[in-house]
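>>> Could you look at this predicted model? Sequence included:
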Amino acid sequence: MQPTVRPQGGFALLDEPWDLVTVPARQGLEAVDLLRMGTGLGPVLHDSAGDSLGFLVPPGTADGWDMPGSACTRTAGGGFSLPGELREPPVAGSGWLVPPRNDTAVTDPAVLRDALGEAARMIELADRL
């Protein structure tokens, strides 16, 4: 079951739990670019040091996540709203790279896994050149 985003006075309100897939920033940025070309990119956080990105995914994803080079953390999740960029993200020390929108509550873990794999291959190829 995917969390739902409800419009609330022009805000996006994510009112159900979610898990967080964390990856190194370089791989995460490549994956974001790939996901933006398709559909289904949910909210993405970046840490204040710029070292990692966090993709909000459906609750329960952490139970079966096994992608090397990444981690999936179960969260308490729950309701947060974002009017523009005025509200703090739900994870301390982070900011929004892709804020919550009314059309996509979270990123599908299978789609994210594919994008992260493709991003890793692209980075490996670029590093060889």
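Perfect, I can see it now.

>>> Pull the residues that contact whichever strand or helix holds Leu112.
For Leu112, the enclosing helix or strand under DSSP states H and E is helix 109-128. If you take CB atoms under 8 Å, 6 or more residues apart in numbering as the criterion, helix 109-128 is touched by 21, 23, 26-28, 30-31, 34-35, 38, 40, 55, 57-58, 61, 65, 67, 69-70. Backbone N, C-alpha and C define where each C-beta goes, glycine included.

>>> so Gly95 touches Val44, yeah?
No - the pair Gly95 / Val44 is not scored as a contact, 10.1 Å apart, by CB atoms under 8 Å.

>>> Those two: which has the busier surroundings?
Val44 (23 against 14; other CB atoms under 10 Å).

>>> List the beta-bridge partners for the more buried one.
In this entry, Val44 is beta-bridged to Phe55, Val98, by DSSP bridges.

>>> now it: how far from Ala110?
Between Val44 and Ala110 the distance is 17 Å, computed by CB to CB, to the nearest Å.

>>> which residues touch Ser94?
Ser94 neighbours (CB under 8 Å, 6+ apart): Leu45, His46, Asp47, Ser48, Gly54.
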